[in-house]
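Peer 1: Sharing a sequence plus its predicted fold:
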Amino acid sequence: MDEAIIDQAAIAAGARALEAGQLVAFPTETVYGLGADAENPAAVAAIYAAKGRPQDHPVIVHLAPEADIAHWACEIPPQAHALAEAFWPGPLTMILKRAPNIPDAVSGGQDTVGLRCPSHPVAIALLRAFKGGQGGVAAPSANKFGHVSPTLAQHVRDEFGADGSVAMVLDGGAAQVGIESTIVDLSRLASHGPVLLRPGHVSAEAIAAVIDQLPSAPDAAAPRASGTLESHYAPHTPVAMQDTASLAQTLARLHDAGRKVALIHYSDLPPTHAGERLPATPEGFAHALYAALRAMDGKGADLILVEAPPQGGAWLGVNDRLRRAAHGSTGIVHGLLNRDAGV
């Protein structure tokens, strides 16, 4: 979106709403966020109430490009400055030790805080207008807790339009990346090094290229971070993944059993298997995934069946989101095939 076509009146109204303690949904390059003044505990509490979010599940604070990180975090290591220089504005969140002046409402009671600077021009305009560019906007994804994140303004309206909890929704078109930011923990470098808490568009390898250290997998003592519960990003309809080799056969068996299936795939399938075909690249698949899950969720199907993407590499973030979306649906295909067979 060209900065010249940003609705400056809407941006100003959004900044005023945030300063008044209200909730404002706004686009980022990853997904739409549900924003509140990060230094206003009552406003942050309103996010948790609107989403139905557990109080100990932290939110990410979004900053303008010119914001002072030192206002929000203490013990800022050189690696944090290097990563901010390389990836901000962009889809990278850094976990740092929280400054004493920052309320613990944004961190779920932990001594850390998640910070990022989004690259969407509407988000940047809002953050620059809010408190002269030195405020922070706490903003998890703009959806009910655990549900599929929104990538369009209409998705946000679908979630919150009826309850009046959101003062306004800033429309910035479709989110470009489509899945949430990468989260890297830098709060325990001396003891654990960098830790990749949530994969995303910025890969572990890209982070290592900047700080000369590959982030490790999460450990038991890692800080809690947004979107890292086992069940997350889930539509109301059960989700299952199926490898490409057996996908057509599974679809045929489910059809013969009288099951209604909503299909998301990326490879060629016979025309009898209607569904939504996503791009066969990790970037294209990620961009379209959440919109596809939301669309399939409205089909009244017994199951959303997703062709399992390739493993590893640039597909790590997509696979992480799908694994969490399908959590709890283990055995769902077998159950649908055998529900009426006495098995």
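Peer 2: Structure received. Numbering: from 1, shown residues only.

Peer 1: contacts and neighbour counts: CA atoms only from here.
Peer 2: OK.

Peer 1: and after the helix ranked longest in the chain, which helix or strand comes next?
Peer 2: Assignment by DSSP state H gives helix 282-297 as the longest helix of the chain. Per DSSP states H and E, the first helix or strand lying C-terminal to helix 282-297 is strand 303-307.

Peer 1: Pull out the buried positions in stretch 264-284.
Peer 2: Residues of stretch 264-284 classed as buried by neighbour count (16 or more other CA atoms under 10 Å): 264, 265, 266, 275, 276, 277, 278, 282, 283.

Peer 1: again, but for stretch 107-116
Peer 2: Neighbour counts over stretch 107-116 (16+ other CA under 10 Å) mark 107, 108, 110, 111, 112, 113, 114, 115, 116 as buried.

Peer 1: now those as a markdown table including secondary structure and pLDDT?
Peer 2: Formatted as a markdown table, the buried residues of stretch 107-116 follow (DSSP: H, G, I helix; E, B strand; the rest coil; pLDDT from 0 to 100):
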| residue | secondary structure | pLDDT |
| --- | --- | --- |
| 107 | helix | 93 |
| 108 | coil | 91 |
| 110 | coil | 95 |
| 111 | coil | 96 |
| 112 | strand | 97 |
| 113 | strand | 97 |
| 114 | strand | 98 |
| 115 | strand | 98 |
| 116 | strand | 98 |
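
Peer 1: Tell me the one among these nearest to residue 100.
Peer 2: Residue 100 lies nearest to residue 111 out of the buried residues of stretch 107-116, by CA to CA, at 8.8 Å.

Peer 1: can you pull out the strands in this protein?
Peer 2: Taking DSSP state E as the test, the strands found in the chain are 24-27, 32-37, 60-63, 73-74, 92-98, 112-116, 136-138, 168-169, 182-185, 195-198, 239-242, 261-265, 276-277, 303-307.

Peer 1: Just tell me which of those ends up closest to residue 327.
Peer 2: strand 239-242 (8.2 Å).

Peer 1: Off-centre distance for the closest one?
Peer 2: 20 Å (CA atoms, centre = their mean, to the nearest Å).

Peer 1: Please save the CA atoms from that strand in CSV.
Peer 2: Below are the C-alpha coordinates for strand 239-242, written out as CSV (Å, rounded to 0.1, in the frame of the first residue of the first chain):
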residue,chain,number,x,y,z
VAL,A,239,-8.2,-29.8,10.7
ALA,A,240,-6.2,-32.8,9.5
MET,A,241,-3.1,-32.9,7.3
GLN,A,242,-2.5,-35.6,4.7
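
Peer 1: So which elements touch it?
Peer 2: strand 303-307 (3 or more CA pairs under 8 Å, 6 or more residues apart in numbering; DSSP states H and E).

Peer 1: Distance to residue 8 for the buried residues of stretch 264-284 - can I get that in a markdown table?
Peer 2: A markdown table is the format used below for these (distance: CA to CA, whole Å):
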| residue | distance to residue 8 |
| --- | --- |
| 264 | 38 |
| 265 | 40 |
| 266 | 39 |
| 275 | 40 |
| 276 | 36 |
| 277 | 37 |
| 278 | 34 |
| 282 | 34 |
| 283 | 30 |
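
Peer 1: for the residues you listed, which one is nearest residue 97?
Peer 2: Distances from residue 97 to these, taken by CA to CA, are shortest for residue 283, at 31.5 Å.

Peer 1: measure the closest residue to the closest one other than its chain neighbours to residue 109 for me?
Peer 2: Nearest residue to residue 283, sequence neighbours excluded (CA to CA, 6 or more residues apart in numbering): residue 177, at 7.1 Å. Distance, residue 177 to residue 109, using CA to CA, to the nearest Å: 30 Å.
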